[in-house]
Structure formats: structure tokens, C-alpha cells
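In: Coordinates for the following, if possible.
(one chain, ligands or ions: 2)
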Amino acid sequence: MIAVVKQTTTSEQLDHLVRWIEGKGLKVNISQGENELIIGLIGDTSQIDPFLLESMDIVERVQRISEPFKKANRKFHPEDTVVDLGHGVKIGGGHFQVMAGPCSVEGDNLFAIARAVKKSGATILRGGAFKPRTSPYSYQGMGARGLDLLREAADELDMPIVTEIMDPRDVDLFLDRHIEMFQIGARNAQNFPLLKEVGKTKTPVLLKRGIAGTIDELLMAAEYIMSEGNPNVVLCERGIRTFETRTRNTFDVNAIPVLHYLSHLPVVGDPSHATGYTRYVRPIAYAATAAGADGLEIEVHDCPSRAWSDGAQALTPEMFDDAMRRIRLIREAVTAQNDVDGEADR
Ligand code: PEP
Ligand code: MN
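Out: Ligands and ions are numbered 1, 2, ... in the order given. Coordinates of the predicted model:
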């Protein structure tokens, strides 16, 4: 972090500022430019509030040099992280996986959906047992019974499960059922007690970007989980809220290469919540794959018109099968270059 100090600063004021910075356990490097006096803050600046520093009378502006996220940062961990979900399913570092299933677990139709998506090439079963609904009157999910159904269906097919957790008090409920991957939904992307609680486990976490969350906020949310000791975080771009109203959200395809550049964590795209309409899900799934995503999360329902949530964006098993064939082709095209260059285009 550097602080540019105003020309009018007296040496007494400067000494005072330097002592304040040193009092925070940091070293100071002062350089006198032609027009500016620059103070470099050396050491762990995470304890310094840049806004507080900038609010000081003698400080003109403050600039961060290193990002506030450390554990998620590619600078300190250049190689891609590979997250292992068990059942032979790894994600990241060249391993591409598709998570598919209904928005909500509704009952026995889960088994038919799970069999269909597995047959088409999905490797991780998704389904919500605890649903974060905008309205308290909408369907809230089956709860623990939904987790049991997921477990039964996934065991039959030898698949890992990804399912949303909303309450830090439910961690044991999920662990008791050996849920392979927690999903932290967009609405909970900054639920810090929840992030910390899943961070105390070693269970992989699919961390979704907040509805109006920046890329840096997503990385800082990952940092919350990782700083508690859980390195198994997968980031998910699921669309952000913009001024556009023709789609449920706007898929930020930029986020995929940007996250890969900034972080070593795997990045997954969710074209279902990003678009909100069945007709747009497949093209955006292809775009995410082409942009280098390490996987996709796609909602599939055997009868979308009867789905208890998000029917408008569900693919039928037939559509999903078609999508998977094209996704495989796109994936092949994107990774073919790796053989030539020896590494992904990051
Ligand atoms: C979901 O996956 O069903 C979900 C609610 O996703 P998001 O948190 O991205 O809205
Ligand atoms: Mn959904």
C-alpha cells in the first residue's frame, strides 16, 4: 500500500504519520518524487483501513499494491487448485465437471432426474433441500428429508452431491449425511458466520457470486472460508443484477478469465440462474465452457412446468443430453490448444 502525502505537509506531521504506521507493526519507505512525497507501507497491510488513512488531512490518496485476498490469490499459489469430491470426481486444473439436477428436491422424481443426468455425463448431483426464496410464502425446501433423498439417489449412482446450506447451525446435519459439497448461494455470499462455519470443515464448498457482488467481494468471501482452514473452494459465476430486465440476471462471462487470472481456485458457470429462461441456458452454458470454466451447474427437471421452483429455467433431460454433447465438443476445442502450449491460456 502506498500513501501520497500533500505537498504542504510539515516534517512534524510526517513524523506523526510515520509513527502511526509503525505503531501498526509496519515498516515505512519514504520517497521524495519531483512533485509528490510517497510513503510505502511494507508488511501485512490487511490491518490498515485505506479509507481511514485517506481521510487524514495530510494524505492525498492511498493505493493498494497487493490485493487483500491472500489465500485465494494466484500470486502466492501459481498452480491451479484441484478440488477432490471423492467418487473419482475432481474439479479444476484441467478437470471439468458438470453438476446437474433439479432446483429443489421434491420427492421421488429426483431418482429419474439423477439417472438421466448421469447418463448424459453429469458427474455431480445437485438439488436444493434448503431453499433461499425471495418470498417467505414460496416453497422453502424439504429440509433434512431432502438431504436423505439426495444421499439415496447419489449413492445409487455413485455420484457426489452439491446442495445449498443456509444456516451455520446445519453444518452437522450435512456432515452426518456425508454431503460432498456445500453450496453457498448468491444470497448468502456475504453471510460471514456461514462462510466461517463451512471454513472450519474440510468439505468442498461451491461459493456463488453475490447477486450484486463484485469479483473482489467473491474472492474475499472465498478468503473467509480459506482463512478458517478449508482450502477446497470452487467459485461460481451465476449472473449478476444489472439494469437489464429481459433475463433474470446478466451472465458475466468476463468473470471466468478474470477469476482464473486472479485466483488459483476452480471456476464454475451457472447458466440457469444467470438467464432464468430455459431457452437461453444452453447458449450461455456453451459461452462459459468456451471461456474456460472448470465446470457448469445446470438445473434439470423431468417436467419443468410442474417444478416447485425455477421451472422456467430448467432443461428437460433431453435438452440436457443435447447440451452435454455440445459442451464436450467445446471443451475439446478449448483444451486442444493446451497440448500445443503446454498450459491453459491464463
Ligand atoms: C440454486 O442453485 O438453486 C440457487 C438458489 O442459486 P443462486 O444462489 O445462485 O440463486
Ligand atoms: Mn434454482
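
In: near ligand 1, which residues of the stretch 101-250 of the chain?
Out: By Cβ under 6 Å from any ligand atom, the part of the stretch 101-250 of the chain that sits against ligand 1 consists of 103, 128, 132, 185-187, 208, 238. In short, each C-beta sits where N, CA and C put it, glycine included.

In: Out of those residues, which end up buried?
Out: 103, 128, 185-186, 208, 238 (16 or more other Cβ atoms under 10 Å).

In: Could you export those residues as JSON lines, including secondary structure?
Out: As requested, those are exported to JSON lines (DSSP: H, G, I helix; E, B strand; the rest coil):
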{"residue": "Cys103", "secondary structure": "coil"}
{"residue": "Gly128", "secondary structure": "strand"}
{"residue": "Gly185", "secondary structure": "coil"}
{"residue": "Ala186", "secondary structure": "helix"}
{"residue": "Lys208", "secondary structure": "strand"}
{"residue": "Arg238", "secondary structure": "coil"}
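
In: Closest one of the residues you listed to Pro266?
Out: Lys208 (13.4 Å; Cβ to Cβ).

In: what bridges to the closest one?
Out: Applying DSSP bridges to Lys208 yields these beta-bridge partners: Cys236.

In: isn't it right up against Val234?
Out: No. In this structure, Lys208 is not within contact of Val234 by Cβ atoms under 8 Å, at 9.9 Å.

In: For whatever residue of the stretch 201-346 of the chain ends up closest to ligand 2, which non-adjacent residue is spatially closest?
Out: Residue nearest to ligand 2 within the stretch 201-346 of the chain: Asp310 (3.8 Å; Cβ to the ion). Spatial nearest neighbour of Asp310, chain neighbours left out: Cys103 (3.7 Å); criterion: Cβ to Cβ, 6 or more residues apart in numbering.

In: so the closest residue to Ala291 other than its chain neighbours is in which element?
Out: Computed as Cβ to Cβ, 6+ apart, the closest residue to Ala291 that is not its neighbour in sequence is Ile256, at 4.2 Å. Under DSSP states H and E, the secondary-structure element containing Ile256 is helix 255-262.

In: Can you list the strands that the next helix or strand after that helix pairs with?
Out: Using DSSP H and E, the helix or strand that follows helix 255-262 towards the C-terminus is strand 267-269. Using DSSP bridges, the strands paired with strand 267-269 are strand 233-237 (parallel), strand 295-299 (parallel).

In: what sits up against the first one?
Out: Contact with strand 233-237 is made by 72, 81, 83, 91-92, 181, 204-209, 218-219, 222, 225-226, 251-253, 255-256, 259, 263, 265-270, 274, 288, 293-295, 297, as judged by Cβ atoms under 8 Å, 6 or more residues apart in numbering.

In: Would you list the buried entries among those residues?
Out: 72, 81, 83, 91-92, 181, 204-209, 218-219, 222, 225-226, 251-253, 255-256, 259, 263, 265-270, 274, 288, 293-295, 297.

In: tell me the contacts of Glu22?
Out: Glu22 makes contact with Val28, according to Cβ under 8 Å, 6+ apart.

In: Swap in 10 Å and give it another go.
Out: 28, 41, 43 (Cβ atoms under 10 Å, 6 or more residues apart in numbering).

In: Local confidence estimate at it?
Out: Per-residue pLDDT puts Glu22 at 94.

In: mind listing the helices for this structure?
Out: Assignment of helices within the chain using DSSP state H yields the ranges 11-22, 50-55, 109-120, 144-157, 171-176, 192-199, 215-227, 255-262, 271-275, 278-290, 317-341.
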